[in-house]
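1. no sequence on this one, just coordinates:
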């Protein structure tokens, strides 16, 4: 996510949406170029302007707005960021224009303070529409967009989650059809040590044609004597987008934070002493990243961090072409994978990102090593916020739109079927066709979830600082040492402290 504006879609056309003759009104240019170019609100040819920061659903978002206009007669100008576009800079430019968005995206609590301090984010308890008030009051407190845990400024887009994507047919072709479901069940609960041994065994199987036995959660599985069908295509255990620092700077390091923080708010309020205690989990993070990148399709080195040879698109393509057993990604990648290999997309499920965390690293109440390594991050990546400086008429139109999106049959269909989102209010009775979304719901219902604690870190820390440091200094390095793990961990701690104390 989120991401985010950072994710590069495979075949998604850059969705700087075109102006429609009727219905949804989009931008023909970048927002920066169009800022101030729209007519004043009194003469604008739309009733509401919505800014969407999830570029991967840009086409579908535009169609959804058109459907809203068709059903209600309310004209919508919409804008979705393009691939690789800087979400915050784009949004700031739009907010400074003559006609700023009435509904806009906020990506978690690290972005909230800016819009609180500028008076742009509406406290949802101050909304006027009765149906919207009911919707807002029903949002669970743990899904609030809030810096104090009490005041909510956003309606969740959806739930997202991530982990290791795996194709069930690939497991069948390696371990036999009769063992597939049992293998996946045991892989979910396996320890880091068992998983690391599995990775080593798979590398020998791929590189040296040496089958072996592996043990997961106490049960032994035997590889087929020869690589058959999809397994014959394997070139590495993991498909890794080495040029996409958010995949390891945001998402992988976030897993380690689940040992120390129960929420993003806890991370945001951490003092220096607490941050110093993160060195041990961060060393385990570095060890995990070493395992993954040293057993990937392609060797670590200059080409590993080259966007033209090893970017997001290539990592998706390699996985969809069955060149890797695992791909660390989220349910948002489903649409891109489906475009490349629709049959494989239907067979996907999630396994947790394993780390060698031990009991001394865990300070979250109720968390255990076993639960940690059986869980995946599940969280709200984006929120719809209402511009508190918009007119009362515009705010009311925004509230009515958000009610329609989350309660009407058409709106809910777009959320689940067109956006491939998981509704934030999905209950145990919810069944989704998207197998990745369904897999996340199963983790959620079982309570096997980790937070998006990295959202509470300083805004640039995880990806632009730590991720870039790793990209430039380690992903080009063939061998890592225990000293490297320590240096990476200390750098991550120091940079968090510096950025926090400078704010």
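-> Yes, it's here. Predicted model, so just to flag it, every value in this text is computed and none were measured. Numbers count the residues shown, from 1 in each chain.

2. can you pull out the helices in the stretch 101-250 of the chain?
-> Listed in chain order, the helices found in the stretch 101-250 of the chain under DSSP state H, counting those that start in this stretch are 112-117, 130-137, 168-175, 180-189, 192-208, 245-246.

3. What residues of the helix or strand harbouring residue 412 count as buried?
-> Residue 412 is located in helix 409-413, with elements delineated by DSSP states H and E. Of the residues in helix 409-413, those buried by neighbour count under the rule 16 or more other C-beta atoms under 10 Å are residue 411. Backbone N, C-alpha and C define where each C-beta goes, glycine included.

4. Who are the packing partners of it?
-> Secondary-structure packing of helix 409-413 (3 or more C-beta pairs under 8 Å, 6 or more residues apart in numbering; DSSP states H and E): helix 58-72, helix 392-407.

5. Reformat these as TSV; add mean neighbour count and distance to residue 318.
-> Compiled in TSV, the helices and strands packed on helix 409-413 are given as follows (neighbours: other C-beta atoms under 10 Å; distance: least, C-beta to C-beta, whole Å):
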stretch	mean neighbour count	distance to residue 318
helix 58-72	20	25
helix 392-407	20	35
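
6. Could you export those as JSON lines, including distance to residue 140?
-> Converted to JSON lines, the helices and strands packed on helix 409-413 look like this (distance: least, C-beta to C-beta, whole Å):
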{"stretch": "helix 58-72", "distance to residue 140": "24"}
{"stretch": "helix 392-407", "distance to residue 140": "14"}
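
7. So for residue 298, which of the ones you listed sits nearest?
-> Nearest of those to residue 298, taken as C-beta to C-beta: helix 58-72 at 29.7 Å.

8. chain center to that closest one, what's the gap?
-> If you compare the mean C-alpha spot of helix 58-72 with that of the full chain, they lie 24 Å apart, counting by C-alpha atoms, centre = their mean, to the nearest Å.

9. Also compute the angle for the helix or strand just after that helix relative to helix 392-407, please.
-> In the C-terminal direction, the helix or strand that comes right after helix 58-72 (DSSP H and E) is strand 76-80. Put simply, strand 76-80 runs at 70 degrees to helix 392-407, going by axes from the mean of the first three to the mean of the last three C-alpha atoms, to 10 degrees.

10. tell me which residues in whichever helix or strand comes after strand 76-80 are buried?
-> Using DSSP H and E, the helix or strand that follows strand 76-80 towards the C-terminus is helix 87-95. In terms of neighbour count (16+ other C-beta under 10 Å), helix 87-95 has its buried residues at 87, 90-91, 93-95.

11. Ok, stretch 356-364 next?
-> The neighbour-count criterion (16+ other C-beta under 10 Å) identifies 356-357, 361-362, 364 as the buried residues of stretch 356-364.

12. now do stretch 330-344
-> Buried residues in stretch 330-344 (16+ other C-beta under 10 Å): 330-338, 340-341, 344.

13. What of stretch 204-213?
-> Within stretch 204-213, the residues that qualify as buried by neighbour count (16+ other C-beta under 10 Å) are 205-206, 211.

14. Throw those into CSV and include distance to residue 460, thanks.
-> Shown next, in CSV, are those (distance: C-beta to C-beta, whole Å):
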residue, distance to residue 460
205, 40
206, 37
211, 46
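
15. How many residues are close by the nearest residue to residue 388 once chain neighbours are set aside?
-> Ranked by C-beta to C-beta, 6 or more residues apart in numbering and with sequence neighbours excluded, the top spatial neighbour of residue 388 is residue 122, at 4.1 Å. Around residue 122 there are 21 other residues, counting by other C-beta atoms under 10 Å.

16. Look at stretch 429-439 and report the distance between its end residues.
-> Its start and end residues considered, stretch 429-439 measures 14 Å (C-alpha to C-alpha, to the nearest Å).

17. Apologies, that question was intended for stretch 150-165.
-> 35 Å.

18. avg pLDDT for it?
-> Per-residue pLDDT values across stretch 150-165 average out to 96.

19. Mind listing what's buried along that stretch?
-> If you call a residue buried by 16+ other C-beta under 10 Å, then stretch 150-165 has these buried ones: 152-165.

20. what's the closest of those to residue 454?
-> For residue 454, the closest of those turns out to be residue 162, at 12.0 Å, with distances computed as C-beta to C-beta.

21. what sits against the closest one?
-> Residues in contact with residue 162, defined by C-beta atoms under 8 Å, 6 or more residues apart in numbering, are 251, 328-331, 350, 353, 376-377.

22. If you rank those residues by neighbours, which is first?
-> Per-residue neighbour counts (other C-beta under 10 Å) across the contacts of residue 162 peak at residue 331, which has 29 neighbours.

23. In this structure that residue contacts residue 161, no?
-> Yes. Under the criterion of C-beta atoms under 8 Å, residue 331 makes contact with residue 161 at 6.1 Å.

24. In the protein, where's the longest helix?
-> When the chain is scanned for its longest helix (criterion: DSSP state H), the result is helix 482-502.

25. For it, give the mean pLDDT please.
-> pLDDT averaged over helix 482-502 gives 97.

26. and it, which residues are buried?
-> For helix 482-502, the neighbour count (16+ other C-beta under 10 Å) marks 484-485, 487-489, 491-493, 495-497, 500 as buried.

27. Also stretch 301-309?
-> Of the residues in stretch 301-309, those buried by neighbour count under the rule 16+ other C-beta under 10 Å are 304-305.

28. who's in contact with that stretch?
-> Outside of stretch 301-309, the residues that reach it under the criterion C-beta under 8 Å, 6+ apart are 240, 242-243, 293, 296, 298, 310, 471-472, 475-476, 478.

29. Check the residues you listed for burial and list the buried ones.
-> Looking at these with 16+ other C-beta under 10 Å, the buried ones turn out to be 240, 242-243, 293, 296, 298, 310, 471, 475.

30. between those residues, which is nearest residue 110?
-> residue 471 (21.0 Å).

31. Check the secondary structure at the closest one for me.
-> helix (DSSP: H, G, I helix; E, B strand; the rest coil).

32. Surely it is in contact with residue 241?
-> No. Judged on C-beta under 8 Å, residue 471 makes no contact with residue 241 at a distance of 10.9 Å.

33. All set now, cheers.
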